[in-house]
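Colleague: need the 3D shape of this:
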Amino acid sequence: MISRREMYAMGEPFGESCTRVEAGRLICGSGGGGGGKSTTTTEIPKELKPLATAYANRAMQIANTPYQSYGGQQVADINGFQNSATTRLGQMLNYGDPSMNAARNTVTSSLNSGQAATQNPYGYITNGGSNQSVGNGGVNAYAGQNPYLQQNIDAAMGDITRNYNNAVAPGLTTQMVSSGSFGNTGAQAATQNALNDLTKNLANTASGMRMQDYGTQQQLAENQINRNMGTNQFNANLAENQLNRNLQTNQFNAGIGQDYASRNDALRGQMLGLAPGYENQQLNVANNFMNAANMYQENQQQKLDANYQNWLDQQNDPYKKLAAMAGVFGSGLGQQTTTKSSGGGK
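Modeller: Next comes the predicted model:
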């Protein structure tokens, strides 16, 4: 058997004569008899009517309130730190890092010039000059033709002639006078012999003096040749020594220059390798600076969001209060149900 209450709970209809619930209202049936009718009415309790009036007034007030826009700032501005970081990043993008630019220019110049390494500032090994004479052995001021030779010959021949005239000729004349005859053959022969001797003496003296001068000139010329050869050999040794010294100096300078060029290339290579690091360091600094600037902006945005949320809470406060007032009625505490029956029997 299923009781009427259980049937009612399952929502089974019993007809108009049965007590039932329709549209949230309790309808009491007329029982087993006919013609009876009952009416159920839900009302607000008397003690809650002031609350209902206040609710209606508040709802009308809120409905008549015009739209109120938020007058505060909602989005944080770009701060000075972000402007600085952006400016720095823009400079690096447009103009590059100075260290990296210098490295790039160095590489570009080397590639364009075809010179990959530093030139030796001291040059390389050369012959140091030609082997040339640096002087001669000098010239004998008395070599060559003797300007006094003829003068000496003339003087010697004059002495011989004067000696003949002063010593020989008078004797021959005396001899001829003593013989008593100027045509004496013996006297003439003696005179002729004396003249021949004079001529020979004069010729021999001049020839001897010239031969002696010739020998002296030969000796002087030979000595001059020997001195020139010695001087040339000495000068050749000096030039050879100078050449060797120049060669050694050039080798030394070339070694120093090559060491300098190698060290410079190594140092330049290190600088080229460090340049990207400096650029990355500058980028890291700018990015870190931007992150710090963004932190300031986020903090400012949080403050603006908090202000906006406080304003929203203030705007929603009347609605929350109105909803709280309406909750009293929705909970069933603010409803009173009255049922009236008329006619019919059970």
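
Colleague: tell me the helix or strand right after the helix or strand containing residue 61.
Modeller: Assigning secondary structure by DSSP states H and E places residue 61 in helix 49-63. Per DSSP H and E, the first helix or strand lying C-terminal to helix 49-63 is helix 80-95.

Colleague: flag the shaky bits of the stretch 201-346 of the chain, pLDDT-wise.
Modeller: For the stretch 201-346 of the chain, applying pLDDT under 70 flags the ranges 271, 274-275, 278, 329-346.

Colleague: so which elements touch the helix or strand that contains residue 250?
Modeller: Assigned by DSSP H and E, residue 250 belongs to helix 185-330. Here helix 185-330 is seen to pack against helix 49-63, helix 80-95, helix 98-113, helix 149-163, helix 169-179 when contacts are counted using 3 or more CB pairs under 8 Å, 6 or more residues apart in numbering; DSSP states H and E. Quick note: C-beta positions are derived from backbone N, CA and C, even for glycine.

Colleague: make a markdown table out of those and add mean pLDDT.
Modeller: Formatted as a markdown table, the helices and strands packed on helix 185-330 follow (pLDDT from 0 to 100):
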| stretch | mean pLDDT |
| --- | --- |
| helix 49-63 | 85 |
| helix 80-95 | 82 |
| helix 98-113 | 68 |
| helix 149-163 | 77 |
| helix 169-179 | 70 |
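
Colleague: could you measure from residue 219 over to residue 209?
Modeller: 16 Å (CB to CB, to the nearest Å).

Colleague: okay, these two: which has more neighbours?
Modeller: In terms of neighbours (other CB atoms under 10 Å), residue 209 is the more surrounded of residue 219 and residue 209; the figures are 18 against 11.

Colleague: who touches the more buried one in this structure?
Modeller: 149, 152-153, 156 (CB atoms under 8 Å, 6 or more residues apart in numbering).

Colleague: give me the buried entries from these.
Modeller: 149, 153, 156 (16 or more other CB atoms under 10 Å).

Colleague: mind putting the residues you listed in CSV, distance to residue 163 included?
Modeller: Conversion of the buried ones among the contacts of residue 209 to CSV gives the following (distance: CB to CB, whole Å):
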residue, distance to residue 163
149, 21
153, 16
156, 11
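
Colleague: closest to residue 290 among these?
Modeller: Nearest to residue 290 among the buried ones among the contacts of residue 209: residue 149, at 110.7 Å, using CB to CB.

Colleague: wait, doesn't the closest one sit right on residue 211?
Modeller: No. Contact criterion CB atoms under 8 Å: residue 149 and residue 211 do not qualify, at 11.1 Å.

Colleague: before we move on, the earlier item: any chance of the contacts of residue 209 in JSON lines, with distance to residue 302 too?
Modeller: Formatted as JSON lines, these follow (distance: CB to CB, whole Å):
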{"residue": "149", "distance to residue 302": "129"}
{"residue": "152", "distance to residue 302": "132"}
{"residue": "153", "distance to residue 302": "135"}
{"residue": "156", "distance to residue 302": "138"}
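
Colleague: residue 257: which of those is nearest?
Modeller: residue 149 (64.6 Å).

Colleague: wait, what's in contact with the closest one?
Modeller: Taking CB under 8 Å, 6+ apart, one finds 209-210, 213 in contact with residue 149.

Colleague: rewinding a little: and of the helices and strands packed on helix 185-330, who's closest to residue 272?
Modeller: Minimum separation from residue 272 across the helices and strands packed on helix 185-330 (CB to CB) falls at helix 98-113, 4.8 Å.

Colleague: give me the number of residues near residue 95?
Modeller: Neighbours of residue 95 (other CB under 10 Å): 9.

Colleague: could you find the closest non-adjacent residue to it?
Modeller: residue 101 (7.6 Å; CB to CB, 6 or more residues apart in numbering).

Colleague: unless I'm mixing things up, residue 201 is touching residue 160, no?
Modeller: Yes. Taking CB under 8 Å as the definition, residue 201 is a contact partner of residue 160 at 5.2 Å.

Colleague: how many neighbours does residue 105 have?
Modeller: 10.
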